[in-house]
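> Quick one, what's the 3D model for this:
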Amino acid sequence: MPAWLLPDQISDILPGEAKRLETLRRALLDLYAGYGYALVQPPLIEHVESLLIDQARDLDLRTFKVVDQASGRLLGLRADITPQVARIDAHQIPNHGVTRLCYAGSVLHAQPAGLLSSREPVQVGCELFGHAGLEADLEVQELALASLDAAGIQQVRLDLSHRGIFLALREQDPALAAIENEVLLALQSKDAVRLKELLKAGRAAEKNSPRGPAGAEILPESRSALLALLDLYGPASGADNVIARARKVLPPQPQIQQALDRIQAVADSAMFNEHPQCGLTVDFADLRGYRYHNGVMFSIYCEGLPNAVVRGGRYDGVGELFGRSRPATGFSLELRELLEITRPSESGSQAVSSDQSGLPPDRIAAPWIDDSSLRVAISALRTKGETVTRLPDAELRGWTGRQLVQQAGRWMVS
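Residues are numbered from 1 along each chain as shown. Just a heads-up that it's a prediction; the model follows:
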């Protein structure tokens, strides 16, 4: 195998894409700064126990692990930046009130999220700590929508869900805890056949599962509620209000009713009146994402991508792993995926050439000679924001755009 071949689903970012990616990254970070989110830059690698969150099995599987030759301890290459930001809030920032942090950086996945997904995504996101109220949920959703708007994506659909419903069912039914992973996968893929098989068997795939008694029967109430989740999808208002349907078919447990109340409060927010381009739906079976979410969750979909372009939600108490439990909510998006659906239309060879080089098509060409007056002229143009590129004689003769030429002893743009 040639040494220059890259691993599967790992790729270079070439000049044109790199420029667009950096432009969008800067725009998003400026947007977040306007909301009061401070930028943090966690390290790419740290002790693996700081990167993994209790029960986040999919996060564990996606994390590359290596042995530190200096200490002999196991290190992890981050697969998600959110746990790192939670650690920073718990230990590095002494604020006991609301803390808003944002980030942008590469993560590395041992297993890709999808067949066409990069194993080195560029993750951008925001995290809000210290406020358990509805206002925090709405703020991060508003900021997620504003992020897509900044990328030029306006027609989107926001799906709401709530992990608390599943957690309430698991809490009352030890047998469900034993097959939790399998049930979650069936719900996420809306595989009714597989879900019925799991619930009918009522036993863990692994007989010695520490999560619950193998072979125990699933409670009838849990079975009917989980099967109902598959059909609880639709609008949050009107005659087919899915939240109203959920109140009729789900158990009247206080935790479940509180989750439904929270979802309804989000759906009733005036924020969505300000975003008429955003379709709002509720999908109680959409429990994708890392396993640390424990409250309101949301996913944003848009044309051009089969999977959600933004995912976020509540993960209260995650900071307890680092010695400081706090309310927390946030979202993240993958910048390279976003670029794929916002790629500008290219017409003409100049547009293609500009995209490949990453340089503006109206840049100025200048002779590649040692001339003091030419250097002064180039410096003055660059100070004004122009892009000036030195070219050898052979390329300069074929240049059809603007260039610096000497006229009457002065360098002028023609």
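> next one: stretch 219-237 to chain centre, how far?
Distance, stretch centre to chain centre, for stretch 219-237: 27 Å (Cα atoms, centre = their mean, to the nearest Å).
> Hmm, I typed the wrong one, I wanted stretch 372-388.
On Cα atoms, centre = their mean, the centre of stretch 372-388 falls 40 Å from that of its chain.
> List the buried residues of it.
374, 377, 378, 381, 388 (16 or more other Cβ atoms under 10 Å). C-beta coordinates here come from the backbone N, C-alpha and C atoms, glycine included.
> ok, now stretch 397-409?
Going by neighbour count (16+ other Cβ under 10 Å), the buried part of stretch 397-409 is 403, 404.
> what residues does it touch?
With Cβ atoms under 8 Å, 6 or more residues apart in numbering as the contact definition, stretch 397-409 has outside contacts at 361-367, 374, 377-378, 381, 388, 391, 396, 411-414.
> Okay, now that stretch: how far is its last residue from its first?
20 Å (Cα to Cα, to the nearest Å).
> where's it relative to the chain centroid, distance-wise?
47 Å.
> same question for that stretch, mean pLDDT?
On average, the pLDDT along stretch 397-409 is 93.
> now the residue lying closest to residue 224 once chain neighbours are set aside: how far from residue 228?
Leaving aside its chain neighbours, residue 224 sits nearest to residue 249 (7.5 Å; criterion: Cβ to Cβ, 6 or more residues apart in numbering). Going from residue 249 to residue 228 by Cβ to Cβ, to the nearest Å gives 4 Å.
> Between the two, point out the one with more neighbours.
Per other Cβ atoms under 10 Å, whichever of residue 249 and residue 228 has more neighbours is residue 228, with 17 against 13.
> The helix or strand where that one lies: which residues count as buried?
Assigned by DSSP states H and E, residue 228 falls within helix 220-229. Going by neighbour count (16+ other Cβ under 10 Å), the buried part of helix 220-229 is 222, 223, 225, 226, 228, 229.
> Out of those, which is nearest to residue 296?
residue 229 (15.9 Å; Cβ to Cβ).
> Quick check: that closest one touching residue 282?
No. If you go by Cβ atoms under 8 Å, residue 229 and residue 282 don't touch, sitting 11.2 Å apart.
> Give me the contact list for stretch 38-58.
Contacts for stretch 38-58 (Cβ under 8 Å, 6+ apart): 29, 32-33, 59-60, 63, 65-66, 73-81, 83-85, 87-88, 100-106, 108, 181, 290-292, 318, 321-322.
> redo that, cut-off 6 Å
Residues outside stretch 38-58 that contact it (Cβ atoms under 6 Å, 6 or more residues apart in numbering): 60, 63, 65, 74-78, 83-84, 87-88, 101-103, 290-292, 318.
> need the helices for the stretch 301-414 of the chain, in chain order.
Counting by DSSP state H, counting those that start in this stretch, the stretch 301-414 of the chain has helices at residues 335-341, 349-357, 372-383, 393-397.
> now residue 243, what's its secondary structure?
Look at residue 243: counting by DSSP: H, G, I helix; E, B strand; the rest coil, its state is helix.
> before we move on, what about residue 83?
Assignment for residue 83 (three-state DSSP): helix.
> Show me how far the longest helix that the chain contains is from its chain's centre.
Identified as the longest helix of the chain according to DSSP state H is helix 15-34. A distance of 15 Å separates the centroid of the chain from that of helix 15-34, by Cα atoms, centre = their mean.
> can I have it written out in PDB, keeping just the CAs?
Provided in PDB are the C-alpha atoms of helix 15-34 (Å, rounded to 0.1, in the frame of the first residue of the first chain):
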ATOM      1  CA  PRO A  15      -7.700  24.900  -0.200                       C
ATOM      2  CA  GLY A  16     -11.200  25.700  -1.500                       C
ATOM      3  CA  GLU A  17     -13.000  23.700   1.100                       C
ATOM      4  CA  ALA A  18     -10.600  24.800   3.800                       C
ATOM      5  CA  LYS A  19     -11.300  28.400   3.100                       C
ATOM      6  CA  ARG A  20     -15.000  28.000   3.200                       C
ATOM      7  CA  LEU A  21     -14.800  25.900   6.300                       C
ATOM      8  CA  GLU A  22     -12.700  28.500   8.100                       C
ATOM      9  CA  THR A  23     -15.000  31.300   6.900                       C
ATOM     10  CA  LEU A  24     -18.000  29.500   8.300                       C
ATOM     11  CA  ARG A  25     -16.200  28.600  11.500                       C
ATOM     12  CA  ARG A  26     -15.400  32.300  12.100                       C
ATOM     13  CA  ALA A  27     -18.900  33.400  11.400                       C
ATOM     14  CA  LEU A  28     -20.400  30.900  13.800                       C
ATOM     15  CA  LEU A  29     -17.900  31.700  16.600                       C
ATOM     16  CA  ASP A  30     -18.700  35.400  16.100                       C
ATOM     17  CA  LEU A  31     -22.400  34.600  16.300                       C
ATOM     18  CA  TYR A  32     -21.900  32.700  19.600                       C
ATOM     19  CA  ALA A  33     -19.800  35.500  21.000                       C
ATOM     20  CA  GLY A  34     -22.800  37.800  20.400                       C
END
